[in-house]
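Asker: One predicted model, sequence on top.
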Amino acid sequence: MPFLLLQYKLLKKSLLKSYIVVPKEGLPTAFIFVIDAGRVADETWLPEENVMAFAPMGGMDQISIISSFINDECLKGKEGVVGVEAGMGCYLPEGNMTYYEYQRFEQELAPSKLVNALDL
């Protein structure tokens, strides 16, 4: 599996969903809602170029931004396998992917295959 796409509540101060792409090699890249991205870039151990923002606008939403990053930077235009966090839980911001998000990522990342990486 070349990398993982995870979602989680990144910040204790925020209820906004964040995402992280963990490549097989190299540093992870965090995708943060635009209003928190600058603060996260200042507070994290990740280099600034590994903290990216998304916004609720056409082509800037989280699915579009993350899918483009995975296709262009991780898979480099090739087909691959993407591990996703697809568990369940009792606490709302635990970070499990919704069915809608799964379907959108599956569509945007095709022909790559999504697999459940919960047990990794």
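Answerer: Yep, that arrived. Numbering: from 1, shown residues only.

Asker: can you give me the helices for this protein?
Answerer: With helices called from DSSP state H, the chain shows them at 34-43, 62-69, 99-109.

Asker: how about the ones you listed in JSON lines, adding distance to Pro23, mean pLDDT and mean neighbour count?
Answerer: (Each C-beta comes from the backbone N, C-alpha and C, glycine too.) Shown next, in JSON lines, are the helices of the chain (distance: least, Cβ to Cβ, whole Å; pLDDT from 0 to 100; neighbours: other Cβ atoms under 10 Å):
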{"stretch": "helix 34-43", "distance to Pro23": "19", "mean pLDDT": "87", "mean neighbour count": "15"}
{"stretch": "helix 62-69", "distance to Pro23": "10", "mean pLDDT": "93", "mean neighbour count": "18"}
{"stretch": "helix 99-109", "distance to Pro23": "15", "mean pLDDT": "92", "mean neighbour count": "15"}
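
Asker: Point out where the chain drops to low pLDDT.
Answerer: 1-15, 89, 91-95, 119-120 (pLDDT under 70).

Asker: for it, what spans make up the strands?
Answerer: Using DSSP state E, the strands of the chain run over 3-8, 18-23, 29-33, 51-54, 81-84, 113-116.

Asker: From the centroid of this protein, which residue is nearest?
Answerer: Centroid-nearest residue in the chain, with Cα atoms, centre = their mean: Tyr19, separated by 3.5 Å.

Asker: With the flanking residues excluded, which residue is spatially nearest to it?
Answerer: Phe31 (4.2 Å; Cβ to Cβ, 6 or more residues apart in numbering).
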